[in-house]
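**Q** output the structure for:
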Amino acid sequence: MNTKVLLPTMKFVAICGILALMGALYAEAMPQVRSKRSEGNCTVNGHTFDVDTGVFTSVCEFCFCSSHDSPDCTTQECSSLSCEDDQVPYTFSGECCPSICIRENDNPEEQG
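**A** Predicted coordinates for the structure are as follows:
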């Protein structure tokens with residue numbers, strides 16, 4: 001057997017297996033949202049996009065339009081953030097989940 005051909009093929013198969021497993025774990029961990037498929041495109045929560053493409057419909061939601069299935073949408077779940085009694089969780093603009101605790105009237109994005 002030609003090892004020059006076999007080795008890259010084995011690496012490719014291993015990488016595909018890892019990606020498939022990661023996708024399955026991600027899909028299982030994320031809740032599904034309502035969506036529908038129409039001829040040639042998908043519409044999810046008012047966002048329309050082509051078959052075989054994926055889009056972020058919000059900062060926390062990603063949808064993929066499959067040609068064989070309804071669109072699959074996943075919403076990122078945020079882990080709980082424990083804050084002191086005088087603080088609240090804060091989510092930076094463009095992010096989905098809170099990452100720091102601040103005093104209620106503070107805005108870390110306005111500070112330089």
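**Q** show me the strands in this protein, by range?
**A** With DSSP state E, the ranges of strands along the chain come out as 36-38, 41-44, 47-50, 53-58, 61-65, 72-75, 87-90, 100-103.
**Q** quick one: which of the ones you listed is nearest L81?
**A** Across the strands of the chain, L81 has its closest neighbour in strand 87-90 (4.4 Å, CB to CB). Every residue, glycine included, has its C-beta placed from N, CA and C.
**Q** buried sites along that closest one?
**A** Under the neighbour-count criterion of 16 or more other CB atoms under 10 Å, strand 87-90 has Y90 buried.
**Q** contacts made by that strand with the rest, please.
**A** 81, 83, 98-104, 106, 108 (CB atoms under 8 Å, 6 or more residues apart in numbering).
**Q** just the buried residues from those, in ChimeraX please.
**A** Of the contacts of strand 87-90, the buried ones go into a single ChimeraX selection, burial set by 16+ other CB under 10 Å:
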select :98
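**Q** need the contacts of strand 87-90 in TSV with pLDDT and distance to T53, can you?
**A** Below are the contacts of strand 87-90 laid out as TSV (pLDDT from 0 to 100; distance: CB to CB, whole Å):
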residue	pLDDT	distance to T53
L81	91	33
C83	93	39
P98	94	30
S99	94	29
I100	94	34
C101	94	38
I102	93	37
R103	92	42
E104	84	41
D106	83	40
P108	79	35
